[in-house]
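K.L.:
okay, sequence plus prediction incoming.
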Amino acid sequence: MYHRINKVIVIALLIYFSILVYPTTSFAVAEKRAFEIFEEGIFDLITFSLEPLNKLDTLNEKIDDEGLYYIALAAKERFNGTLLFLTNLKVPSNVPKDIRKSLEDVKEYLSIGFYNLEESMDYLAQYILNQTPILYDRYLEKRDRGFSYIDGGLITLATARLKFYPPEWIETPKKSIPNAWKVGKEYFYKLEDTIRIKVNK
């Protein structure tokens, strides 16, 4: 008799605690998924923004100033488009307040970064046409500022991810700064080398 009563009590307690825990677990999953959607949006945006520079892979030594000029212009327009996408990218409202603040910072840093990269390509396009050294100096200044802000934004995003995937978790996904951004910066240097070689001929 008592054994049966104890069994009923145990089952009742299990049901009670499962009701308490389930909403919390479900909410945590929803928060994590909302963050992942935002993160994926940022990574896709980085890839999208750098597509015009990917054309450097198909270039040969015969590319002329006009070709380089149009690559710079295409990159400038793409960075402007990236800014518009960033403006429309929504920070999830169902993540913790500190995470939401971090994601707002990510948007701000990336916006400043891509704005500077847009300006850098404008200076570079002018330099290709005029070959005035001060224009190239301004390009480098804007490029470096753009790189710094985008690096900062992506580091902030990676730090926010640690709230959902602590480093002690064995199954933590290996995500940090997307490879597309690392490769993209190399395209800037490749474009600079191509222009430098042509100018020094």
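P.N.:
That came in fine, so what should we check first? Residues are numbered from 1 along each chain as shown.

K.L.:
count of residues packed around residue 149?
P.N.:
20 (other Cβ atoms under 10 Å). Backbone N, C-alpha and C define where each C-beta goes, glycine included.

K.L.:
chain neighbours aside, what residue packs nearest to it?
P.N.:
Leaving aside its sequence neighbours, residue 149 sits nearest to residue 113 (Cβ to Cβ, 6 or more residues apart in numbering; 3.4 Å).

K.L.:
again, but for residue 54
P.N.:
In this structure, residue 54 finds its nearest non-sequential neighbour in residue 187, 7.0 Å apart by Cβ to Cβ, 6+ apart.

K.L.:
for residue 32, same thing?
P.N.:
residue 164 is the one closest to residue 32 (Cβ to Cβ, 6+ apart), at 4.8 Å.

K.L.:
and the helices in this structure?
P.N.:
Taking DSSP state H to define them, one finds helices in the chain at 2-49, 65-88, 97-130, 133-161, 179-199.

K.L.:
as a markdown table, those helices with distance to residue 55 would be great.
P.N.:
Shown next, in a markdown table, are these (distance: least, Cβ to Cβ, whole Å):
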| stretch | distance to residue 55 |
| --- | --- |
| helix 2-49 | 14 |
| helix 65-88 | 6 |
| helix 97-130 | 13 |
| helix 133-161 | 18 |
| helix 179-199 | 9 |
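
K.L.:
which of those helices is buried the deepest?
P.N.:
Between these, helix 97-130 has the highest mean count of neighbours, a mean of 20, where neighbours are mean count of other Cβ atoms under 10 Å.

K.L.:
what angle do that helix and helix 65-88 make?
P.N.:
160 degrees (axes from the mean of the first three to the mean of the last three Cα atoms, to 10 degrees).

K.L.:
wait, which of the helices of the chain is closest to residue 56?
P.N.:
Smallest distance to residue 56 across those (Cβ to Cβ): 5.2 Å, for helix 179-199.

K.L.:
now do that closest one: distance to the chain's middle.
P.N.:
Remark: helix 179-199 is offset 19 Å from the chain centroid, using Cα atoms, centre = their mean, to the nearest Å.

K.L.:
related to what we said a few turns ago, for residue 57, which of the helices of the chain is the nearest?
P.N.:
Short answer: helix 179-199, nearest of the helices of the chain by Cβ to Cβ, at 8.4 Å.

K.L.:
so what's the residue nearest to residue 149 up against?
P.N.:
For residue 113, the contacting residues are 145, 146, 147, 148, 149, 150, 151, 152, 153, by Cβ atoms under 8 Å, 6 or more residues apart in numbering.

K.L.:
can you list those in CSV and add pLDDT?
P.N.:
What follows is the contacts of residue 113, written out as CSV (pLDDT from 0 to 100):
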residue, pLDDT
145, 98
146, 97
147, 97
148, 97
149, 97
150, 96
151, 95
152, 95
153, 95
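
K.L.:
pick the one among those residues closest to residue 78.
P.N.:
Ranked by distance to residue 78 (Cβ to Cβ), the contacts of residue 113 are led by residue 146 at 13.1 Å.
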